[in-house]
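A.B. asks: return atomic coordinates for the entry below.
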Amino acid sequence: MPVELAILAWGMILLLVHIFAAAHVKTKQYGPKWNVGARDESLPPLNAVAGRLSRAQANYMETLPIAIVALIGVVVAGRTSEWTALGGWIWLAARVVYLPLYGFGIPVVRTIIFLSSLVGLLITLWPLLGV
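C.D. replies: From the prediction side, this is the model:
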């Protein structure tokens, strides 16, 4: 199996971590009744940590489709290489580090890590661009 698909599978595990981390802190704030309910009622704004974890989840979900296209694309196109694997690992590692940085509210380093994840994606996408 191409390593790019394994990276993508770990990326899906990370998606679950994002979802459950955000849901956990929201449930701590709003209670278990909110968690199992229809969530139709108006609620106070999220506390700082819950807000940051929710935004981190949204950010991950915004860039995840790019990773999916890049990682599956190089496999389908037969363009996998050490570089596409390296780019995928850079993306995944940066995204793993990004979540706690965002959760703890660490500003500048978080942005640098986010940018490094984009570099990883670009490394992986490059062979699909035909240049």
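
A.B. asks: for the lowest-mean-pLDDT helix or strand in the chain, which outside residues touch it?
C.D. replies: Averaged element by element with mean pLDDT, DSSP states H and E, the chain has its least confident helix or strand at helix 32-36 (a mean of 89). Residues from elsewhere that reach helix 32-36 (Cβ atoms under 8 Å, 6 or more residues apart in numbering): 23, 26-27, 41, 43. Heads up, the C-betas are built off the backbone N, CA and C, glycines and all.

A.B. asks: and the residue lying closest to Val75 once chain neighbours are set aside, how close does it get to Leu8?
C.D. replies: Nearest non-adjacent residue to Val75, counting by Cβ to Cβ, 6 or more residues apart in numbering: Pro2, 4.9 Å away. In this structure, Pro2 and Leu8 are 9 Å apart, going by Cβ to Cβ, to the nearest Å.

A.B. asks: same thing with Ala94?
C.D. replies: Taking Cβ to Cβ, one finds Ala94 at 15 Å from Leu8.

A.B. asks: in the chain, where is pLDDT below threshold?
C.D. replies: Low-confidence segments of the chain (pLDDT under 70): 131.
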